[in-house]
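**Q** The sequence and its predicted three-dimensional model are supplied below.
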Amino acid sequence: MVKRKGQAAMEFLMTYGWAILAAIIVIAVIAIYFRPGTLVQDSVIVSPPFYGVATTLSATEVNVEVKNQGGEALTDVSSALTFNSPSGANCTAPAAVATMGAGESLVFTWTVCSGLGTGTVSADVTIAYTRPGSTLELKSTGSLSGKVTA
């Protein structure tokens with residue numbers, strides 16, 4: 001009788017083993033078919049006091065909309081964009097904004113872009129600003145990712 005218990009356990013494990021193997025094969029086929037790299041959504045994340053609202057990417061222009069969630073007007077607001085991929089891509093930075101009110105949204109537009117191609121883009125965003133009554137320049141950092149549209 002002891003040998004029968006071992007055989008039943010082995011049959012149980014083999015049955016589940018084949019089921020798990022079949023599930024892994026199905027998941028692999030689906031992953032290859034959909035190519036997860038093409039399912040990238042345009043997104044922007046920025047640290048406080050800013051909130052990344054939206055971004056759009058084209059072969060010649062990058063737009064990033066941010067909202068001032070800090071509760072006070074900010075002055076001398078400027079932005080910079082550093083591309084991680086594709087390497088070698090660059091754009092002309094937008095001009096600095098004199099004042100950005102509390103709760104106000106602002107669209108930074110980087111123009112004359114080169115090297116973006118038609119694939120996915122990953123970049124670091126830096127927004128420099130000055131608080132009221134201060135002369136120190138503060139920086140808010142974040143990231144941007146998305147797919148270049150035609």
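**A** Good, I have the coordinates. Residues are numbered from 1 along each chain as shown.
**Q** Now S105. Nearest residue, chain neighbours left out?
**A** Of all residues not flanking S105 in the chain, K67 sits nearest, at 4.6 Å (Cβ to Cβ, 6 or more residues apart in numbering). In short, each C-beta sits where N, CA and C put it, glycine included.
**Q** Tell me how many other residues crowd that neighbour.
**A** 17 (other Cβ atoms under 10 Å).
**Q** so how far is A8 from it?
**A** 63 Å (Cβ to Cβ, to the nearest Å).
**Q** thinking again about what came up before, I'd guessed the residue nearest to S105 sits against V46; true?
**A** No. Using Cβ atoms under 8 Å, K67 is not in contact with V46; the gap is 9.2 Å.
**Q** In the protein, where is pLDDT below threshold?
**A** Residues of the chain meeting the criterion pLDDT under 70: 1-4, 36-40.
**Q** thinking again about what came up before, did I read that right, the residue nearest to S105 in a strand?
**A** Yes. Under DSSP: H, G, I helix; E, B strand; the rest coil, K67 sits within a strand.
**Q** Relative to Y33, how far out is I24?
**A** To Y33, I24 is 15 Å away according to Cβ to Cβ.
**Q** Which one of those two is surrounded by more residues?
**A** I24 (10 against 7).
**Q** any idea how this structure splits into domains?
**A** Split into domains by automatic domain parsing, the chain comes to 2-34, 39-147.
**Q** so which of the ones you listed is the most packed in?
**A** Comparing these by mean neighbour count (mean count of other Cβ atoms under 10 Å), domain 39-147 comes out on top with a mean of 16.
**Q** What strand or helix carries V125?
**A** In this structure, V125 sits in strand 120-130 according to DSSP states H and E.
**Q** Contacts for the next helix or strand after that strand, please.
**A** Remark: after strand 120-130, the chain's next helix or strand is strand 138-147, criterion DSSP H and E. Contact partners of strand 138-147, identified using Cβ atoms under 8 Å, 6 or more residues apart in numbering, comprise 38, 40-50, 52, 55-57, 62, 64, 81, 119-131.
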